[in-house]
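Undergrad: compute the structure for the input listed below.
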Amino acid sequence: TLAVDANELADTLGQLGTEIEGSTDEDYSWFQLSGLSPHFQKLLGIFSDVILRPRLSSEEVERQKKIILADLKRKVDQPERYAADSFASFLYGGHPYGHPTEGLEVDITTLDRKDVQRWYDKKLIPNNSVLVVTGFLPDGAKEQIKLAFAGWKKGTVDPKAYPQPPPINNISITV
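TA: Next comes the predicted model:
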């Protein structure tokens, strides 16, 4: 597991003038570390630790749940988000595209550390991921990256057989 907690990680990244981000979309999740090339070695070590050995503490999961729940409550004050979710629900109904990517309040409140760990173990595996490195890289960077991620173990990718989205019929938009 990652040797530092989220606050220590944020502090270290801040001192290096960098940040780590992640997000989920309807079809994929992504993680990104942006930083300065002179810190390549340190950043590679941090990023590989985050991906290969995440701490996933119960405290951090609870903290993130509070952030997401607060964001869900703010959605009513953001008409474009509220409209986008309503439109997707209207278009796609019960299909996964019809559900908000951040989940519903009932989903978030019942989520626990074991659920996050289970998702990580099933989804964040090299044969279900793409690792992209761009920028000014030092000599030997490719070998260093391979070495840093050498312990990343393949897993079983469960093919999701989602139903086809429902057909869209008889909708007209007038301006």
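
Undergrad: which parts of the chain are strands?
TA: Listed in chain order, the strands found in the chain under DSSP state E are 19-24, 29-34.

Undergrad: pipe those strands into TSV and attach mean pLDDT, distance to L147 and mean neighbour count per row.
TA: In short, each C-beta sits where N, CA and C put it, glycine included. As requested, the strands of the chain are exported to TSV (pLDDT from 0 to 100; distance: least, CB to CB, whole Å; neighbours: other CB atoms under 10 Å):
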stretch	mean pLDDT	distance to L147	mean neighbour count
strand 19-24	87	20	12
strand 29-34	90	17	14
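
Undergrad: to N128, which of these lies closest?
TA: Each of the strands of the chain has some distance to N128 by CB to CB; the shortest is strand 29-34, at 10.1 Å.

Undergrad: so what secondary structure elements neighbour the closest one?
TA: Contact partners of strand 29-34 among helices and strands, from 3 or more CB pairs under 8 Å, 6 or more residues apart in numbering; DSSP states H and E: strand 19-24, helix 40-52.

Undergrad: for S58, which of these is the nearest?
TA: Shortest separation from S58 across the helices and strands packed on strand 29-34 is recorded for helix 40-52, at 17.7 Å, computed as CB to CB.

Undergrad: helices or strands up against the closest one?
TA: Secondary-structure packing of helix 40-52 (3+ CB pairs under 8 Å, 6+ apart): helix 6-15, strand 19-24, strand 29-34, helix 141-148.

Undergrad: so which of these comes closest to E80?
TA: Ranked by CB to CB, the member of the helices and strands packed on helix 40-52 that lies closest to E80 is strand 19-24, at 17.5 Å.

Undergrad: what does that closest one contact?
TA: Among residues not part of strand 19-24, those counted as contacts by CB atoms under 8 Å, 6 or more residues apart in numbering are 9, 13, 29-35, 46-47, 50, 101-102.

Undergrad: now do stretch 75-94
TA: Residues outside stretch 75-94 that contact it (CB under 8 Å, 6+ apart) are 97-100, 165-166, 168.

Undergrad: report the central residue of the protein.
TA: When CA atoms, centre = their mean is applied to the chain, the residue found nearest the centroid is S23 (3.7 Å).

Undergrad: that older thread, okay if I get the strands of the chain as JSON lines plus distance to I67?
TA: Putting those into JSON lines (distance: least, CB to CB, whole Å) gives the following:
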{"stretch": "strand 19-24", "distance to I67": "13"}
{"stretch": "strand 29-34", "distance to I67": "17"}
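
Undergrad: re the thing from before, mind putting the helices and strands packed on helix 40-52 into JSON lines with distance to D158?
TA: Listed next are the helices and strands packed on helix 40-52 as JSON lines, based on distance: least, CB to CB, whole Å:
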{"stretch": "helix 6-15", "distance to D158": "29"}
{"stretch": "strand 19-24", "distance to D158": "17"}
{"stretch": "strand 29-34", "distance to D158": "15"}
{"stretch": "helix 141-148", "distance to D158": "27"}
